[in-house]
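# sequence and predicted structure below; questions after.
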Amino acid sequence: MTYFLVMGSLALSVLFTLGWALSRLLRWVASGLSLGSGKGSARSRRSSGRGSRTAAKTAKSNTRNKASAKSAAKAGATAKAKPAGEPWRITRRLAEWRSSTALALVAAFTYLVARLAEHGMSYRPPHTLPSGFGTLLFGLGWLSAGLILLALLHRLAVWRCR
């Protein structure tokens, strides 16, 4: 009876986790396949912003040409710090994923419960584990480690995109 309770709860939590990940993936794909009603206006806003930026850059370059002789002596004496560039596209995508930390916590908790169940089953009278339990633990361990790494990369991407 204990075996069925433990294995049933493991199977249920793994299926819930995979189902949740699948639903998030389907939502992400569905949002990317919109008919362009929302994305076209965002693109036009971006392009209009870029046009005003280029006009501002040309105005700045004209004033810079006049004062270039004065600033040449100062530029040689002090090195200018480069402004931070815009984050890469993959970094921005990683920063948008909000469910990676919760998914990593669920997977890590499931793995810890499975390890606890393995420890408890090894001290019961038969002293043998079911045949696929070791493989399940191995897969859960790597899955949780990968999701924890993804959650850490998400936090790093959020920090970078600030």
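Yep, that arrived. Numbering: from 1, shown residues only.

# name the nearest residue to His154, sequence neighbours excluded.
Of all residues not flanking His154 in the chain, Ser100 sits nearest, at 4.4 Å (CB to CB, 6 or more residues apart in numbering). (C-beta placed from N, C-alpha, C; glycine too.)

# next: Ser13.
Closest to Ser13 by CB to CB, 6+ apart is Thr110, at 4.8 Å.

# can you count the residues close to Ala157?
Burial measure for Ala157: 20 neighbouring residues, criterion other CB atoms under 10 Å.

# mind listing what it touches?
87, 91-92, 94-95 (CB atoms under 8 Å, 6 or more residues apart in numbering).

# same thing with Ala117?
6, 10.

# element containing it?
helix 100-122 (DSSP states H and E).

# how close does Leu150 get to Ser31?
Using CB to CB, to the nearest Å, we find Leu150 at a distance of 20 Å from Ser31.

# the more surrounded of these two?
A direct count of neighbours by other CB under 10 Å for Leu150 and Ser31 places Leu150 higher, at 15 against 10.

# count the neighbours of the closest residue to Leu129 other than its chain neighbours for me.
Distances taken as CB to CB, 6+ apart place Met121 nearest to Leu129, at 5.8 Å, with adjacent residues excluded. Met121 sits with 17 neighbouring residues when counted by other CB under 10 Å.

# and Met121, what's its pLDDT?
The score at Met121 is 81. That number is its pLDDT.

# in JSON lines: the contacts of Ala157, plus secondary structure and neighbour count.
Output for the contacts of Ala157, formatted as JSON lines (DSSP: H, G, I helix; E, B strand; the rest coil; neighbours: other CB atoms under 10 Å):
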{"residue": "Pro87", "secondary structure": "coil", "neighbour count": "15"}
{"residue": "Thr91", "secondary structure": "helix", "neighbour count": "16"}
{"residue": "Arg92", "secondary structure": "helix", "neighbour count": "13"}
{"residue": "Leu94", "secondary structure": "helix", "neighbour count": "20"}
{"residue": "Ala95", "secondary structure": "helix", "neighbour count": "19"}
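
# closest one of the residues you listed to Gly134?
Nearest to Gly134 among those, counting by CB to CB, is Leu94 at 32.9 Å.
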